[in-house]
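> coordinates only, sequence not included:
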């Protein structure tokens, strides 16, 4: 089983990779049969190919920055949660999206599932 410190490090690294826009490195964190539900309530994406398309169409299509806004909370049974902020343009306006990601990890330390908790009410306009 993956330990809590490794979960914390992997999740913090995930935010760094989102900030850098490094889609290939983000995908390397996922298990081949992982699922992504972003935001929660959308149909989950299954498998690395579908997850790759999701990141390329979203993160790869716009300039974003990401910042972790609180500590990663990790369990001793392979799960973690963390708050972070994505700064971007939404509808042509600069804004910040405040999100909480919940991830489950497999025994090898790969992300088995990721659920992103956010909706439009978590998007805050930034004054120019």
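Good, I have the coordinates. Not measured: the values here are computed from a predicted model.

> alpha carbons only for contacts and neighbour counts from here, please
OK.

> and the residue nearest the centre of this structure?
residue 101 (5.7 Å; Cα atoms, centre = their mean).

> is that one in contact with residue 86, as I believe?
No - look at residue 101 against residue 86 with Cα atoms under 8 Å: they stay out of range, at 11.9 Å.

> in stretch 39-49, what's buried?
For stretch 39-49, burial by neighbour count (16 or more other Cα atoms under 10 Å) applies to 39, 44, 45, 47, 48.

> how long is that stretch end to end?
From its first residue to its last, stretch 39-49 covers 18 Å (Cα to Cα, to the nearest Å).

> what comes up buried for the biggest helix by length in the chain?
When the chain is parsed with DSSP state H, its longest helix is helix 4-20. For helix 4-20, burial by neighbour count (16+ other Cα under 10 Å) applies to 4, 7-8, 10-19.

> how about the following helix or strand past it: buried residues?
With elements assigned by DSSP states H and E, the helix or strand that comes after helix 4-20 is helix 23-28. For helix 23-28, burial by neighbour count (16+ other Cα under 10 Å) applies to 23, 26, 27.

> ditto for stretch 47-63
In stretch 47-63, counting by 16+ other Cα under 10 Å, buried: 47, 48, 50, 51, 52, 55, 56, 59.

> any idea how far that stretch is from the chain center?
Relative to its chain's centre, stretch 47-63 lies at 11 Å (Cα atoms, centre = their mean, to the nearest Å).

> who's in contact with that stretch?
Contact partners of stretch 47-63, identified using Cα atoms under 8 Å, 6 or more residues apart in numbering, comprise 18, 21, 23, 27, 30-36, 45, 88-89.

> buried ones among those?
Buried members of the contacts of stretch 47-63, scored by 16+ other Cα under 10 Å, are 18, 21, 23, 27, 30-32, 34-36, 45, 88-89.

> just the closest of those residues to residue 69, please.
residue 18 (13.9 Å; Cα to Cα).

> okay, that closest one: pLDDT?
pLDDT recorded at residue 18 is 96.

> next one: residue 61
pLDDT at residue 61 comes out at 72.

> same check on the one 5 residues further on?
With respect to pLDDT, residue 66 has a value of 96.

> out of the buried residues of stretch 47-63, which sit inside helices?
48, 50, 51, 52, 55, 56.
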